[in-house]
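A.B. asks: need coordinates for the following:
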Amino acid sequence: MHDLNGLTQERDQLAAELKKNRGRMVQLEEAFRKSFEAQASAAIQAAGGNPALLLPIAMQDVKIFEENESFIAGIADKQGGKRIRDVKGAAFTIQDLVGEMKSSPAFARAFDGPSKTLAPNTRTRADFDGMTPAEQMAHIKAGGRVVD
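C.D. replies: Next comes the predicted model:
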């Protein structure tokens with residue numbers, strides 16, 4: 001009976017330790033994801049993209065990988081493995097993913113266009129709405145255009 005009590009206590013102790021370690025692993029993974037999320041947001045902004053729209057999509061492909069007895073956040077392929085950029089085995093980076101999204105017809109609209117300049121005598125709707133009625137009338141009489 002004595003040995004059984006000792007084994008039960010040891011089992012309970014190991015179960016508590018395992019639960020604690022699992023909790024720490026979840027916290028570690030969350031910390032990795034937040035760090036990678038900040039990098040992804042910066043990469044999206046640098047490419048002229050809208051992080052509010054693109055970040056949730058980009059983060060779907062992020063996974064924590066174990067490599068050389070350490071952990072790294074990276075981009076996963078369709079099978080869940082680490083995505084490779086080239087034949088040399090270089091890792092697919094967040095910048096690569098953002099570039100892929102920018103050239104994709106599905107996501108390109110979430111990036112700045114090549115030019116944000118307006119044609120001469122053209123105002124944006126917000127600009128036009130901010131004008132006085134007299135200025136609006138003068139703009140229209142002069143052949144001005146308003147774009148949304």
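
A.B. asks: where does pLDDT dip in this structure?
C.D. replies: 1-2, 114-120 (pLDDT under 70).

A.B. asks: kindly report the domain assignment for it.
C.D. replies: Here the domain assignment for the chain is 2-112, 117-148, based on automatic domain parsing.

A.B. asks: which residue is nearest the centroid of this structure?
C.D. replies: Taking C-alpha atoms, centre = their mean, the centroid of the chain lies closest to Leu55, which sits 2.7 Å from it.

A.B. asks: identify the residues contacting the host helix or strand of it?
C.D. replies: If you go by DSSP states H and E, Leu55 is part of helix 51-59. The set of residues external to helix 51-59 that reach it, using C-beta atoms under 8 Å, 6 or more residues apart in numbering, is 33, 36-37, 40-41, 44-45, 94, 97-98, 101, 107, 110. Where you see a C-beta, it was placed from the backbone N, CA and C, and this is true even at glycine.

A.B. asks: and the next element down the chain from it?
C.D. replies: Following helix 51-59 toward the C-terminus (DSSP H and E): strand 62-67.

A.B. asks: mind listing what's buried in that following strand?
C.D. replies: By 16 or more other C-beta atoms under 10 Å, the buried positions in strand 62-67 come out as Val62, Lys63, Ile64, Phe65.

A.B. asks: tell me the one of these nearest Val147?
C.D. replies: Val62 (37.5 Å; C-beta to C-beta).
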